[in-house]
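Q: below are the sequence and a predicted model for it; my questions follow.
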Amino acid sequence: MNCTALPSWEPHVPRGLLRVVEASCCEEYVLCFEAAQFFVRRVTGQGAYEETARGPYARAAAVWGELAGRHVCRNQTGDLGT
């Protein structure tokens, strides 16, 4: 998946019980299931939630995989103790 083709981020409007399917290492990107749809959620700098790629699992999981795979963990500092 080419991230330049990602849909835009929109405010997350709760539609029912939210379930977390998978999360990146520091939870910057979270693959969620809600109201019979999957989507990727993130927190904004103001503490609000945004979502992208709402729809079938395959689409949302592909977007989540791309985002999670390329982000830099904000909790990582220096070396890993090796």
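A: In hand now; what should we look at?
Q: from the chain's centre, how far out does the helix or strand of the chain with the lowest mean pLDDT sit?
A: Least confident helix or strand of the chain, by mean pLDDT, DSSP states H and E, is helix 57-70 with a mean of 93. With Cα atoms, centre = their mean, to the nearest Å as the basis, helix 57-70 stands 8 Å off its chain's centre.
Q: for that helix, packing partners?
A: strand 19-23, strand 30-34, strand 37-43, strand 49-55 (3 or more Cβ pairs under 8 Å, 6 or more residues apart in numbering; DSSP states H and E). (Glycine included, C-beta is placed from N, CA and C.)
Q: any weak-confidence spans in this protein?
A: 1-7, 74-82 (pLDDT under 70).
Q: can you tell me which of the helices and strands packed on helix 57-70 is most buried?
A: strand 37-43 (a mean of 21; mean count of other Cβ atoms under 10 Å).
Q: adjacent strands (with direction) for that one?
A: When pairing is defined by DSSP bridges, strand 37-43 lines up against strand 30-34 (antiparallel), strand 49-55 (antiparallel).
Q: roughly how far out does the shortest one sit from the chain middle?
A: Translated: strand 30-34. Centre-to-centre, strand 30-34 and its host chain are 8 Å apart (Cα atoms, centre = their mean).
Q: run through who's touching that strand.
A: By Cβ atoms under 8 Å, 6 or more residues apart in numbering, the list of residues contacting strand 30-34 from outside reads 14-24, 38-42, 51, 60-61, 64.
Q: can you redo the strands paired with strand 37-43 as JSON lines with distance to Cys73?
A: JSON lines is the format used below for the strands paired with strand 37-43 (distance: least, Cβ to Cβ, whole Å):
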{"stretch": "strand 30-34", "distance to Cys73": "14"}
{"stretch": "strand 49-55", "distance to Cys73": "19"}
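Q: among those, which is nearest Gly69?
A: Closest to Gly69 of the strands paired with strand 37-43, according to Cβ to Cβ: strand 30-34, at 12.4 Å.
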